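In: dropping the sequence and predicted coords here.
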Amino acid sequence: FECAKIDHTGIDLIARNNETKELMGISVKGRSRSEGAEKEYVSIRNVDLEKAKSACEAFGCMPYFAVVVDRKDKIMVFILSMEKLLELFPRGKTASGWKMTDKYLNEYRNDPDIRSIEFKLPYLNPRP
């Protein structure tokens, strides 16, 4: 992939897959989850979906989302098309919800339309 960080309402990155030549406009949605809240869903607001769609139309690219969630001992990244996101979790009244339960995490890892990356962090005990 070739990738460029951009400062544009709706998308954060533009990336081209050098093999398929697909041009992607990627909106990054990051959330932190404290202990006990690890399984809470990530809300992706309808207005953000529209902004990403509009920006991608302006740049001639396909809208994608990167959902980045950090937890106590890991950082998880999921990259998928807006089309796939809405297939899994259609818009609600104000947002779409990216679910974070173990069941869904396993489904994401096994879905060929979702790219996932996990970074496991060493647990650090505070010193007395």
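Out: Perfect, thanks for sending it.
In: now do the helix or strand encompassing G30: which elements does it pack against?
Out: Per DSSP states H and E, G30 falls inside strand 23-32. In terms of contacts (3 or more CB pairs under 8 Å, 6 or more residues apart in numbering; DSSP states H and E), strand 23-32 is packed against strand 11-16, strand 42-45, helix 46-59, strand 62-70. No exception for glycine: its C-beta is placed from N, CA and C like everyone else's.
In: cutoff 6 Å now
Out: strand 11-16, helix 46-59, strand 62-70 (3 or more CB pairs under 6 Å, 6 or more residues apart in numbering; DSSP states H and E).
In: got the contact list for the second one?
Out: Spelled out, that is helix 46-59. Residues outside helix 46-59 that contact it (CB atoms under 6 Å, 6 or more residues apart in numbering): 8-11, 25, 27, 63, 91, 94-95.
In: can you state the direction angle for that helix and strand 62-70?
Out: On the basis of axes from the mean of the first three to the mean of the last three CA atoms, to 10 degrees, helix 46-59 is oriented at 130 degrees to strand 62-70.
In: thank you kindly, that will do.
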